[in-house]
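> coordinates only, sequence not included:
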């Protein structure tokens, strides 16, 4: 088949002709002199936000802070990885807000955030990569091997940002795991729920240099209605025999006998 014809066919099938860019739920806008906002409310890849379009737009962003708002069902693995890495390599601080759904490729794009917040009731979904294959048994086997590699790559993204092992994340991906807002935070996929207090804990090194507080006195509750009382320090028992007491008793006995 003529290669020029194939190129024309490919160009005609591009989403910019099937769905105009203006109708796409994706945009980048400046909020202030030092902050830009990116809204990713679309699929990732050929039928939504392509990596090439995203990277081209991102190169024009020169502010210090980027807020990336996500509500996406995901899409193409490799477009998603390219978008992830373009955000990682951008010099700006990237603050991600998952506003509805970060599923599939969108979930690992979210891992590009220096901070990741999930809106109340928003969700994450992670799963293994999938694909369609046409061909013989060898083709099917090669596709299966590629899917395993791609899924390991994705699991590594979660492990790098959220902690844990690649094997643990692959197990969660194979089960197609859905996370609520709090579950996402507990799993390490997000730093906090939007609107809640998410101040980080004190630095462990700073804590190590601080003096530990003196423990309070032990207390006990006596009776149902009694208040807390201080437990006295245990008294060291005296020796079983006190020689001065013994001598005094002997002397008194002698005097009593003499005067009697």
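Here it is on my side, so go on. The shown structure was predicted, so the numbers you read here are calculated from the model rather than taken from an experiment.
> Name whatever forms a beta bridge with the nearest residue to residue 106 once chain neighbours are set aside.
In space, and not counting its chain neighbours, residue 106 is closest to residue 72: 3.7 Å by CB to CB, 6 or more residues apart in numbering. (Glycine included, C-beta is placed from N, CA and C.) Beta-bridge partners of residue 72, counted by DSSP bridges, are residue 102.
> quick one: residue 72 from residue 157, how far?
16 Å (CB to CB, to the nearest Å).
> Residue 146 too?
Applying CB to CB to residue 146 and residue 157 gives a distance of 17 Å.
> Pop out the phi and psi values for the closest residue to residue 112 other than its chain neighbours.
Of all residues beyond its chain neighbours, the one nearest residue 112 is residue 87 (3.7 Å), with distances taken as CB to CB, 6+ apart. Backbone torsions of residue 87, given as degrees, to the nearest 10, read phi -70, psi -40.
> Hmm, residue 87 is touching residue 68, no?
Yes. If you go by CB atoms under 8 Å, residue 87 and residue 68 touch, sitting 7.0 Å apart.
> which residues do the two both contact?
94, 112, 113 (CB atoms under 8 Å, 6 or more residues apart in numbering).
> what's the neighbour count on the second one?
What it means is residue 112. Residue 112 is flanked by 21 other residues according to other CB atoms under 10 Å.
> Looking at residue 72 and residue 157, which is more packed in?
More crowded of residue 72 and residue 157, by other CB under 10 Å: residue 72, with 27 against 22.
> Pull the contacting residues for the more buried one.
Contacts for residue 72 were tallied using CB under 8 Å, 6+ apart; they are 40, 41, 42, 43, 44, 48, 101, 102, 103, 105, 106, 109.
> Pick out whichever of the residues you listed sits closest to residue 127.
Comparing the contacts of residue 72 against residue 127 with CB to CB places residue 103 closest, at 8.2 Å.
> Name the nearest residue to that closest one, ignoring sequence neighbours.
In space, and not counting its chain neighbours, residue 103 is closest to residue 125: 3.9 Å by CB to CB, 6+ apart.
> I'd assumed the one you found was in a strand, is it?
Yes. The assignment for residue 125 is a strand, going by DSSP: H, G, I helix; E, B strand; the rest coil.
> For the residue nearest to residue 85 when sequence neighbours are not counted, which residues are in contact?
Nearest non-adjacent residue to residue 85, counting by CB to CB, 6+ apart: residue 112, 8.0 Å away. Contact analysis of residue 112 by CB under 8 Å, 6+ apart lists 68, 83, 84, 85, 87, 88, 94, 96.
> Next: residue 57.
For residue 57, the contact set (CB under 8 Å, 6+ apart) comprises residue 28.
> do the same with residue 96
Shown in contact with residue 96 (CB under 8 Å, 6+ apart): 67, 68, 70, 110, 112, 113, 115, 116, 117.
> phi, psi of the fifth one?
This points to residue 112. Here is the backbone geometry of residue 112 (degrees, to the nearest 10): phi -70, psi -10.
> Mark which of the contacts of residue 96 are buried, thanks.
67, 68, 70, 110, 112, 113, 116, 117 (16 or more other CB atoms under 10 Å).
> Okay then, goodbye and thanks.
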